[in-house]
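A.B. asks: Below are the sequence and a predicted model; questions follow.
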Amino acid sequence: MSATLSPSNSPRVRRRGSTRRPRAASHLPPFTQESHDAALYAIRNYLKGRTSYDTFPVSFRLIVLDSKLEVKKALQCLLLNGVVSAPLWNSERSCFAGMFTVSDIIHLIQYYYKCSSYDAAAADVETFRLESLRDIERQLGVDPPPLLREHPSASLYDASKRLIQTHARRLPLLDNDTETGHEVIVSILTQYRLLKFISINCPKDIQQLHLPLRKLGIGTYVNPPPLPPSGERPEGYNPYHPIATATMNTPVFDVVHMFSERGISAVPIVDEEGIVVNLYETVDVITLVRLGAYQSLDLTISEALNQRSPDFPGVVICTASDSLGTLMQLIKKRRVHRLVVVEGEEEERKGGKKGRLLGIITLSDVLRYLIGDVSIGEAQLEHSVAPTDPAPTPDPAHVPTGAPTSSEPHVSVETAPATDPAPDAPATEDVTAVPPEEKQEAGATEGEAAPAPAE
């Protein structure tokens, strides 16, 4: 006899009630001032045991310009290779002759705008040589840059100190040829490469750098002078003092003058309410010189930005409450050279306006805090902190992509995902397809091995 199962006579299955497992306790140590200070000491101690050689990629190509090369050809060489600076070589004396940087280009623009004419500039740029740039600086009353150098076997800590003491963004690494005794330019150590090396090789210590950026005194923040009793702003009053700013209607040359006078490489562009709408950088004026478009200096920032390359990665912003560790994680993922600090939700609750300019943070500020004389009691920590010593990881290349304006209130980057490299997996840096963001502070192009110049 067969029977069919129906909903009425089907056997009921008793289900066991679900139970939620308790969440496992976190094994991360608590964030304290002591853990932050210990992480700083561990990072410094780690750099004392590493040399500049450890930051080199497996293969790289170094662009070196002869000091007798014409400026126009030098600019074309830099732009074609995606960099904005290169070491100079004196072929007559077979020695290092300094660096050709964006500052030299800015000084050249300012010289022709003030001391000469457009026609003279267009004629002279065809024959003007790199070795004559120092004469331009003397006529402008600008101090010539020092001939900085360091040996590749010097410790990274000493190289960092040299960068901080001289306010330099890059440090040439020179060795001597054992046969001829002549100098050999080996590579260029930049602030970005150094900070990225730290973020890759000291991950546990980076996690402990949890304190807010402003509390640590990292960066320059808006601190305007008090208004007179009448409440009226005097002529020349800067509500964002000491930060140099501009608007969309500011002439390009006024910003170029800020670059030269203040020794800065970027100026935030704000609207009438102080909201950051863009950033004008020194690299934006390089093309003007290369093409001889000196008349473009009379354009407004708004008109000049229309000529900017469409692959501009955008303005990277953060808030004053973001942590140093989060910033270092960002440096590991994408090439960043400055962050614009804006008012966030915390300032908005106090009557501020979200997105309003609050400050600016450069890599120099970050490096100065990590390596500088910070009172953290190193003598006491030396006996209680075991320094971390992971194997150094070469600096991999990341090609970021992004929208024209990227808002990153927590210094997080969604437009440039990256995978952390394996500790012992070397990377090769290539020169092709270098976006404008990567051109900042590049110092030299890396890609393929090439001999340094010799006699």
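C.D. replies: All right, it came through fine. Numbers count the residues shown, from 1 in each chain.

A.B. asks: the strands in the stretch 1-150 of the chain, which residues?
C.D. replies: Along the stretch 1-150 of the chain, the segments classed as strands by DSSP state E, counting those that start in this stretch run 65-66, 86-90, 95-100.

A.B. asks: Now do the longest one: everything it contacts.
C.D. replies: By CB atoms under 8 Å, 6 or more residues apart in numbering, the residues outside strand 95-100 that reach it are 65, 67, 74, 78, 85-90, 130-131, 133, 145, 147, 149, 170, 172, 174, 182-183, 185, 443. All C-beta spots, glycine's among them, are computed from the backbone N, C-alpha and C.

A.B. asks: and the residues you listed, which of them are in helices?
C.D. replies: 74, 78, 133 (DSSP state H).

A.B. asks: Just put the residues you listed in CSV and tack on neighbour count and pLDDT.
C.D. replies: As requested, the ones in helices among the contacts of strand 95-100 are exported to CSV (neighbours: other CB atoms under 10 Å; pLDDT from 0 to 100):
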residue, neighbour count, pLDDT
74, 24, 90
78, 24, 87
133, 24, 87
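
A.B. asks: Return the member of these nearest to residue 206.
C.D. replies: Minimum distance to residue 206 across the ones in helices among the contacts of strand 95-100 is 32.6 Å, recorded for residue 78 (CB to CB).

A.B. asks: Output the below-cut-off pLDDT ranges for the stretch 1-150 of the chain.
C.D. replies: 1-30, 116-126 (pLDDT under 70).

A.B. asks: what about the helices in it?
C.D. replies: Applying DSSP state H, counting those that start in this stretch to the stretch 1-150 of the chain gives helices spanning 33-48, 71-80, 102-115, 118-124, 133-140.

A.B. asks: want to try TSV for the strands of the stretch 1-150 of the chain, with distance to residue 153 and mean neighbour count as columns?
C.D. replies: Converted to TSV, the strands of the stretch 1-150 of the chain look like this (distance: least, CB to CB, whole Å; neighbours: other CB atoms under 10 Å):
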stretch	distance to residue 153	mean neighbour count
strand 65-66	25	19
strand 86-90	19	22
strand 95-100	17	22
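
A.B. asks: want to try TSV for those strands, with distance to residue 159 as columns?
C.D. replies: Listed next are these as TSV, based on distance: least, CB to CB, whole Å:
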stretch	distance to residue 159
strand 65-66	23
strand 86-90	16
strand 95-100	15
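
A.B. asks: Show me what residue 361 is bridged to.
C.D. replies: residue 339 (DSSP bridges).

A.B. asks: That one against residue 339, yeah?
C.D. replies: Yes. At 4.6 Å, residue 361 and residue 339 qualify as touching, with contact defined as CB atoms under 8 Å.

A.B. asks: anything in contact with each of these two?
C.D. replies: Common neighbours of residue 361 and residue 339 are listed as 219, 318, 327 (criterion: CB under 8 Å, 6+ apart).

A.B. asks: out of the ones in helices among the contacts of strand 95-100, who's nearest residue 211?
C.D. replies: Closest approach to residue 211 among the ones in helices among the contacts of strand 95-100 (CB to CB): residue 78, at 38.6 Å.

A.B. asks: thinking again about what came up before, to residue 297, which of the strands of the stretch 1-150 of the chain lies closest?
C.D. replies: Of all the strands of the stretch 1-150 of the chain, it is strand 95-100 that lies closest to residue 297, at 21.0 Å by CB to CB.

A.B. asks: Might you calculate how far the closest one sits from the centre of the chain?
C.D. replies: Centre-to-centre, strand 95-100 and its host chain are 22 Å apart (CA atoms, centre = their mean, to the nearest Å).

A.B. asks: Strands of the stretch 201-350 of the chain, start to end?
C.D. replies: Under the criterion DSSP E, counting those that start in this stretch, the stretch 201-350 of the chain contains strands at 220-221, 266-270, 276-281, 317-318, 338-342.

A.B. asks: now those strands as TSV including mean pLDDT?
C.D. replies: As requested, the strands of the stretch 201-350 of the chain are arranged in TSV below (pLDDT from 0 to 100):
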stretch	mean pLDDT
strand 220-221	96
strand 266-270	96
strand 276-281	95
strand 317-318	94
strand 338-342	96
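
A.B. asks: out of the ones you listed, which comes closest to residue 56?
C.D. replies: Smallest distance to residue 56 across those (CB to CB): 24.9 Å, for strand 338-342.

A.B. asks: angle of that closest one against strand 266-270?
C.D. replies: Between strand 338-342 and strand 266-270, the angle comes out at 30 degrees (axes from the mean of the first three to the mean of the last three CA atoms, to 10 degrees).

A.B. asks: ok now stretch 154-169, how far from the chain's centre?
C.D. replies: 15 Å.

A.B. asks: Can I get that stretch as CSV, trimmed to CA atoms?
C.D. replies: C-alpha atoms of stretch 154-169 as CSV (Å, rounded to 0.1, in the frame of the first residue of the first chain):
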residue,chain,number,x,y,z
ALA,A,154,74.8,56.4,4.4
SER,A,155,72.0,55.5,6.7
LEU,A,156,68.5,56.5,5.8
TYR,A,157,68.2,58.3,9.1
ASP,A,158,71.2,60.5,8.2
ALA,A,159,69.8,61.1,4.7
SER,A,160,66.4,62.0,6.3
LYS,A,161,68.1,64.5,8.6
ARG,A,162,69.9,66.1,5.7
LEU,A,163,66.6,66.5,3.9
ILE,A,164,65.0,68.1,6.9
GLN,A,165,67.9,70.4,7.7
THR,A,166,68.2,71.8,4.2
HIS,A,167,64.4,71.9,3.5
ALA,A,168,65.1,69.9,0.3
ARG,A,169,62.6,67.7,-1.4
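
A.B. asks: ok, residue 372 - how many residues close by?
C.D. replies: Around residue 372 sit 13 other residues, with neighbours defined as other CB atoms under 10 Å.

A.B. asks: Need the pLDDT of it.
C.D. replies: At residue 372, the pLDDT value in this model is 77.

A.B. asks: Over to the residue lying closest to residue 33 once chain neighbours are set aside: give its phi and psi.
C.D. replies: Nearest residue to residue 33 in three dimensions, chain neighbours excluded: residue 211, at 7.6 Å (CB to CB, 6 or more residues apart in numbering). Per-residue torsions, residue 211: phi -70, psi 150 (degrees, to the nearest 10).
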